[in-house]
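> Predicted model and sequence follow; I will ask about them next.
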Amino acid sequence: MMCCQRMAAAVAAPAGPVESELDRSGTEEDPREAVSEEEGCPQQQAGAPSSASHNRLAKLPLSRIKTLMKADPDVTLASQDSVFIIAKATELFVETIAKDALVYAQQGKRKTLQRKDLDNAIDAIDEFAFLEGTLD
Amino acid sequence: MAERPEDLNLPNAVITRIIKEALPDGVNVSKEARSAISRAASVFVLYATSCANNFAMKGKRKTLNAGDVLSAMEEMEFQRFVPLLKDSLEAYKKGQKGKKEASEQKRKEKDKKTDSEENVKSREEENEEEEERMEEEETKEGEEEEAED
């Protein structure tokens, strides 16, 4: 998992300006990408029921996912379908880890999820072992 | 083009929404927890990509395809994701097919226009679509192989 940690170190760096971004994949990325991003853009699916959006559209911008994938020097090309599936899988992952962390918050009789709840979940759950040491 | 560090993070607003939709009403998430989940998501993408790429290389393919990603999910012990991902993929492929037909129609209409601005725009879209098509053609071969199993 060393390669993971190396790349994760790059990711763990500044989270600074992210808060102010417009979250419109079209503004940050190459405008050409905006055409394929339409379906994934959150602003266009305001109010779409989560079951429908689970079935079709990705909430995460595919161009950003693709950028991440290309950070791996061993990856030559990735099909559009594969980028989409990784985006979808990442959504599922976020849901899963949030729910698992919530258990610890509830154990502590809290209604706010905190960083330590996440750490506990990562320590306790096998599937999250790959995250150990990558979030600091 | 050099990648800025922020390019390796996923949009905070989207991550926040995904978290909120997963949790019951009334539950809050601290900024630190949110930020950690966002970083975890990026690590997940990197890890999944790396695993999927191993399957592609095993199959002597240079293009990572959807099947590789599904195999990676099983390897990573996220097999419970697989059925949902398969469904989503079906719907996505149908949507892509419809979009292609729609944009081909658009292009036919645009070809009729003599406005130079329009031509530049449509050329840019064409270039982008050709890229997609190239990738998809390579995928189709791979996917057909998978389908035969």
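Sure, I can see it. All figures in this text were calculated on a predicted structure; none of them were measured in a lab.
> Name the nearest residue to residue B:18, ignoring sequence neighbours.
Sequence neighbours aside, residue A:94 is the residue nearest to residue B:18 in space, at 4.7 Å (criterion: C-beta to C-beta, 6 or more residues apart in numbering or on different chains). In this view, the C-beta of every residue, glycine as well, is placed from N, C-alpha and C.
> next one: residue A:125
Nearest to residue A:125 is residue A:100, by C-beta to C-beta, 6+ apart, at 6.0 Å.
> distance of the one you found from residue B:79?
The gap separating residue A:100 from residue B:79 is 16 Å, by C-beta to C-beta, to the nearest Å.
> so where do the helices sit in chain B?
Under the criterion DSSP state H, helices of chain B are mapped to B:12-22, B:31-58, B:66-75, B:82-112, B:116-148.
> how about those helices in JSON lines, adding mean pLDDT and mean neighbour count?
Shown next, in JSON lines, are these (pLDDT from 0 to 100; neighbours: other C-beta atoms under 10 Å in any protein chain shown):
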{"stretch": "helix B:12-22", "mean pLDDT": "96", "mean neighbour count": "20"}
{"stretch": "helix B:31-58", "mean pLDDT": "96", "mean neighbour count": "22"}
{"stretch": "helix B:66-75", "mean pLDDT": "97", "mean neighbour count": "23"}
{"stretch": "helix B:82-112", "mean pLDDT": "91", "mean neighbour count": "14"}
{"stretch": "helix B:116-148", "mean pLDDT": "54", "mean neighbour count": "14"}
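> wait, which of these is closest to residue A:113?
Set against residue A:113 and scored by C-beta to C-beta, these come closest in helix B:31-58, at 4.7 Å.
> for the closest one, packing partners?
When contacts are defined as 3 or more C-beta pairs under 8 Å, 6 or more residues apart in numbering or on different chains; DSSP states H and E, helix B:31-58 packs onto helix A:2-12, helix A:62-70, helix A:80-107, helix A:115-124, helix B:12-22, strand B:63-64, helix B:66-75.
> sorry, back to before: in a markdown table, list the helices of chain B along with distance to residue A:62.
Listed next are these as a markdown table, based on distance: least, C-beta to C-beta, whole Å:
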| stretch | distance to residue A:62 |
| --- | --- |
| helix B:12-22 | 12 |
| helix B:31-58 | 11 |
| helix B:66-75 | 13 |
| helix B:82-112 | 10 |
| helix B:116-148 | 11 |
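> between those helices, which one is nearest to residue A:68?
For those, distance to residue A:68 was read as C-beta to C-beta. The smallest value, 4.6 Å, belongs to helix B:31-58.
> what separates the closest one from the chain centre, distance-wise?
Helix B:31-58 sits 14 Å away from the centroid of its parent chain (C-alpha atoms, centre = their mean, to the nearest Å).
> so it versus helix B:12-22, what angle?
Per axes from the mean of the first three to the mean of the last three C-alpha atoms, to 10 degrees, the angle that helix B:31-58 makes with helix B:12-22 is 100 degrees.
> Look up how far residue A:62 lies from residue A:105.
Counting by C-beta to C-beta, the gap from residue A:105 to residue A:62 is 32 Å.
> Neighbour count: the two, which is higher?
residue A:105 (24 against 20; other C-beta atoms under 10 Å in any protein chain shown).
> residues in contact with the nearest residue to that one once chain neighbours are set aside?
Excluding the flanking residues, the one nearest residue A:105 by C-beta to C-beta, 6+ apart is residue A:117, at 4.6 Å. By C-beta atoms under 8 Å, 6 or more residues apart in numbering or on different chains, the residues touching residue A:117 are A:101-105, A:108, B:33.
> which of these are buried?
Neighbour counting over these (16 or more other C-beta atoms under 10 Å in any protein chain shown) leaves A:101-102, A:104-105, B:33 as the buried ones.
> The residue nearest to residue B:18 and residue B:41 touch, don't they?
Yes: counting by C-beta atoms under 8 Å, residue A:94 touches residue B:41, with 5.3 Å between them.
> overlap in contacts of the two?
Taking C-beta under 8 Å, 6+ apart as the criterion, residue A:94 and residue B:41 both touch residue B:15.
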